[in-house]
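# return atomic coordinates for the entry below.
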Amino acid sequence: MADESSTAVPVAPPAVDLDTCADEPIRIPGSVQPHGVLLALSEPDLVVRHVSANVADLTGVDVDDAVGAPVADVLGESAAAALRTHVRTFGDLRARNPLSVDLPGPVLADAILHRVALGGRTLLVVEVEVARGPRPFSFPNTYQSVRGALERLNRADGLEQLYDAAAQEVRDLTGFDRVMVYRFDADHNGEVVAEARRGDLNSFLGLHYPASDIPAQARALYETNWIRLIPDVSYTPARLVPAFDATSGEPLDLTHSVLRSVSPVHLEYLGNMGVRASMSISLLRDGRLWGLIACHHYAGPHLVPFGARAAAEFLGSALSLRLVARAQDRELERELAAQAEIARLLPEARDPDRGLAEALAGKDPGLLSVVPAHGLVVVADGQTATAGEADVDVDALRAWVLSRPDPVTVRTAIGRTDPELAAALPDVAGVLAVRLPDDQVVVWLRQEHVRDIYWGGDPQNKAIAHREGADVRLSPRKSFERWREVVRGRCEPWAPEHVRAVEDLRTRLLEVVIVRNRWQVAAAHTVQLSLLPRRLPVVPGWAMQARYVPAAGGRVGGDWYDALELPDGRFAVVVGDVAGHGLGAAAAMGQLRNALRAYLMRCSDVHEALVDLDELARRTMPDEMATVVVAVVCPRTGEVLIGAAGHPRPLQLTPDGGAELVSMPVDRPVGVGSGDPPVTRLHVAPGGGMVLYSDGLVDSRSTALTEGIDRLVRQFDRPDPRVPVDIDEVVADCSDPDSKDDMTLLLLCRDADLPAGTTP
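Numbering: from 1, shown residues only. Down below sits the predicted model:
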């Protein structure tokens with residue numbers, strides 16, 4: 001004994017995994033509830049291989065004498081004969097339950113049969129209960145008991161009335177003190193949506209219960225067995241003898257047993273609620289557990305006859321069908337309404353005279369009529385349109401959507417799942433996002449939906465650890481007092497039918513995008529061709545050739561080339577590139593090309609023309625980015641003044657067939673220029689020339705910029721200068737089929753037989 005004066009040091013209990021109950025062997029508990037007797041028989045001899053220890057209570061045969069004996073020695077010859085005839089006649093035994101048998105006594109009993117695999121053989125499981133309730137038991141008999149209930153279910157107008165009618169009918173049929181209809185959400189938390197109860201009991205209607213109250217393996221059993229009865233929560237289990245198969249060492253699988261003993265944790269859970277007897281009926285949707293009809297009795301044990309249980313199960317299956325039909329009708333109505341709005345919007349989206357973003361986010365109310373939301377953001381065709389409450393960081397939202405792996409992304413609590421996105425979207429809790437080609441996006445926004453949830457006890461108090469000697473076991477929570485939780489940071493869930501409608505919308509928008517892209521490509525190509533020189537100037541002593549090739553897939557970009565004679569007798573050659581593709585890039589290219597032409601015609605000065613072009617872009621085209629190289633050439637002397645704004649440096653060709661990059665400084669791109677673009681002076685000798693090009697010719701997915709330039713230099717570096725260069729071959733050799741950029745090449749050559757410094 002310890003000294004009483006010593007200080008007691010508490011010993012920390014071992015760590016407890018609160019999910020341990022989810023690993024409980026509930027399919028093989030090794031025992032049954034004692035309101036019936038279980039026998040497992042070998043076939044065809046019908047010898048008892050396993051029996052529940054309470055067999056003597058019903059038959060008077062000791063358990064040790066029952067194991068290994070013919071079933072006739074245990075249940076009597078009459079029952080054995082009925083079993084032999086039944087198993088020889090019918091294949092699906094579970095569909096033919098129960099079989100009425102006469103036991104010695106005489107006692108009328110219900111035998112519930114099924115087969116189970118054990119140790120490489122099949123055993124016939126016979127569960128025997130004393131017959132109670134009206135006789136004879138038959139399908140018409142069962143149907144008659146629920147026919148009125150089915151009629152009342154059929155008359156119910158909505159889901160709520162259907163729930164209420166089901167709860168009342170099951171209570172009338174079974175006599176339980178309380179019957180609840182219990183519906184699961186997507187996370188398997190349950191809510192009581194209807195109840196019928198004894199008048200003196202407090203209401204559970206509207207209370208929620210956490211998913212941990214019914215572990216996953218228990219939910220799986222509810223999907224296998226539609227009904228489960230516990231007539232006495234405080235029962236003493238009757239163990240199976242023997243507990244394990246003699247050959248394989250395996251326990252008997254009681255998955256389909258109606259007497260299967262229940263988890264002690266579940267029994268304690270019911271006891272903590274004051275429940276003395278319980279029954280549950282599964283409500284399934286597409287084979288998955290959708291909800292339960294939960295029956296509780298408080299006055300004492302309550303044994304429901306098999307006939308009433310079968311009728312209740314039949315009612316539950318009928319209710320499942322009606323619940324699914326009603327839910328599907330409601331979902332179908334909303335999905336059809338969404339599809340109708342999509343059909344109304346698509347002609348607007350196909351209209352080539354209207355921007356796609358504007359058509360989808362129009363105030364009519366556009367896509368907000370397809371999916372209810374607080375706000376909408378559409379980024380399409382280089383334009384952004386919003387509707388509703390959408391004061392958000394569009395760039396951050398678009399970047400997040402484009403980074404998602406799936407074409408349709410659903411979030412209901414971005415503060416928890418995507419905190420960086422939440423920081424860019426104040427007052428937004430949920431998004432439904434669609435990713436389209438060419439980095440286009442459609443996003444619905446929902447604000448926080450603050451709501452109170454009333455739980456039957458604290459949902460965080462999943463279980464309580466109890467010490468039993470050196471061991472710690474789990475006990476279910478004991479408090480079921482009404483517990484209020486304020487749910488924040490989540491939006492109203494996106495309905496599955498709306499998500500399906502959005503997935504369909506995306507498919508149809510892909511068709512719209514293809515049609516609009518074809519139109520835009522054609523329009524942009526027309527604009528671009530109209531702006532490119534129809535013919536190049538004819539300058540004596542000089543030869544010019546140019547090529548423009550759209551990107552793979554025919555996408556028109558912002559490349560252009562130009563050549564024009566200036567008022568002072570010189571001529572200018574230009575290659576430029578506006579970032580982007582489509583009609584917008586072509587239109588921006590047209591503005592810059594015409595402005596540069598005007599500036600060159602006015603002053604013939606490279607420096608001044610580039611300064612003016614940069615200023616124009618700054619003031620009128622702040623969202624565009626472009627590069628350009630301009631060369632003004634004196635045809636008599638070969639003197640060239642050249643300047644570049646963000647553009648690749650041109651090549652200079654020498655009379656001996658050599659080619660090299662021009663050594664010259666390059667200013668920043670147009671629109672962000674320095675204000676003082678450098679201009680380089682060089683000389684093109686007779687037989688020499690210059691090559692101007694866009695970066696699409698030298699920079700691609702498969703070729704780095706420096707490698708592309710080296711490749712281009714090699715195309716013009718000729719051992720025999722008398723052999724002309726075929727620029728079509730140059731373009732073909734430098735092309736990358738995977739390139740997203742267009743390509744432009746302009747070749748300027750000075751005649752070799754013209755003496756330097758002379759007039760042609």
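# and the most centrally placed residue in the chain, how close does it get to Arg500?
The chain has Thr409 as the residue nearest its centroid, 5.4 Å off, counting by C-alpha atoms, centre = their mean. The spacing between Thr409 and Arg500, counted by C-beta to C-beta, to the nearest Å, is 15 Å. For the C-beta atoms, the positions are set from N, CA and C on the backbone; glycine is no exception.
# now do Val377
21 Å.
# next, the residue nearest to the centre of the chain: secondary structure please.
Following DSSP: H, G, I helix; E, B strand; the rest coil, Thr409 is assigned to strand.
# re earlier: among Val377 and Arg500, which residue is more densely surrounded?
Val377 (25 against 16; other C-beta atoms under 10 Å).
# which non-adjacent residue is nearest the more buried one?
Nearest residue to Val377 in three dimensions, chain neighbours excluded: Val443, at 4.6 Å (C-beta to C-beta, 6 or more residues apart in numbering).
# before we move on, what about Pro372?
Residue nearest to Pro372 in three dimensions, not counting chain neighbours: His498, with 7.7 Å by C-beta to C-beta, 6+ apart.
# which element is that neighbour on?
Using DSSP states H and E, His498 maps to helix 496-531.
# next, the buried residues of the helix or strand following that helix.
Next along the chain after helix 496-531, taking DSSP H and E as the criterion, comes strand 542-549. Within strand 542-549, the residues that count as buried by 16 or more other C-beta atoms under 10 Å are Trp542, Met544, Ala546, Arg547, Tyr548, Val549.
# what is the nearest of the residues you listed to Tyr209?
Distance to Tyr209 across those (C-beta to C-beta) is lowest for Val549, with 67.2 Å.
# and the pLDDT at the residue nearest to the closest one when sequence neighbours are not counted?
Once flanking residues are discounted, Val549 sits nearest to Met743: 4.6 Å by C-beta to C-beta, 6+ apart. Here the pLDDT value assigned to Met743 is 87.
# for Met743, the count of nearby residues, please.
Met743 has 24 neighbouring residues, counting by other C-beta under 10 Å.
# again with Leu113
For Leu113, using other C-beta under 10 Å, the count is 19.
# let's verify it: helix, strand, or coil?
strand.
# sorry, back to before: so what's the residue nearest to Pro372 up against?
The contact partners of His498, by C-beta atoms under 8 Å, 6 or more residues apart in numbering, come to Arg334, Glu335, Ala338, Val370, Val371, Pro372, Leu432.
# swap in 7 Å and give it another go.
Counting by C-beta atoms under 7 Å, 6 or more residues apart in numbering, His498 touches Arg334, Ala338, Val371.
# if I look at it, how far off is Asn225?
Distance, His498 to Asn225, using C-beta to C-beta: 35 Å.
# ok so, going back, element containing the residue nearest to Val377, please.
Going by DSSP H and E, Val443 is part of strand 440-446.
# domain assignment for this protein?
Annotated domains of the chain cover 21-327, 351-450+497-520, 532-750 [automatic domain parsing].
# weakest of these in terms of mean pLDDT?
Lowest mean pLDDT within these: domain 351-450+497-520, a mean of 80.
# please enumerate the strands of the stretch 201-350 of the chain.
208-209, 227-230, 238-241, 277-285, 288-297 (DSSP state E, counting those that start in this stretch).
# in JSON lines, list the ones you listed along with distance to Pro405 and mean neighbour count.
Below are these laid out as JSON lines (distance: least, C-beta to C-beta, whole Å; neighbours: other C-beta atoms under 10 Å):
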{"stretch": "strand 208-209", "distance to Pro405": "33", "mean neighbour count": "18"}
{"stretch": "strand 227-230", "distance to Pro405": "41", "mean neighbour count": "22"}
{"stretch": "strand 238-241", "distance to Pro405": "50", "mean neighbour count": "20"}
{"stretch": "strand 277-285", "distance to Pro405": "29", "mean neighbour count": "22"}
{"stretch": "strand 288-297", "distance to Pro405": "26", "mean neighbour count": "22"}
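# among the ones you listed, which is nearest Glu43?
Evaluated over these, closeness to Glu43 peaks at strand 238-241, with 18.5 Å, by C-beta to C-beta.
# helices and strands around the closest one, which ones?
Using 3 or more C-beta pairs under 7 Å, 6 or more residues apart in numbering; DSSP states H and E as the contact test, the elements touching strand 238-241 are strand 31-32, strand 47-52.
# note down every partner strand of that strand and its orientation.
Sheet pairing of strand 238-241 (DSSP bridges) gives strand 31-32 (antiparallel), strand 47-52 (antiparallel).
# of those strands, which is nearest Ala166?
Shortest distance between Ala166 and the strands paired with strand 238-241, using C-beta to C-beta, is found for strand 31-32: 29.4 Å.
# following the closest one, which helix or strand comes up?
strand 37-42.
# show me what that next one is packed up against.
So strand 37-42, by 3+ C-beta pairs under 7 Å, 6+ apart, packs with strand 47-52, helix 71-75, strand 121-130.
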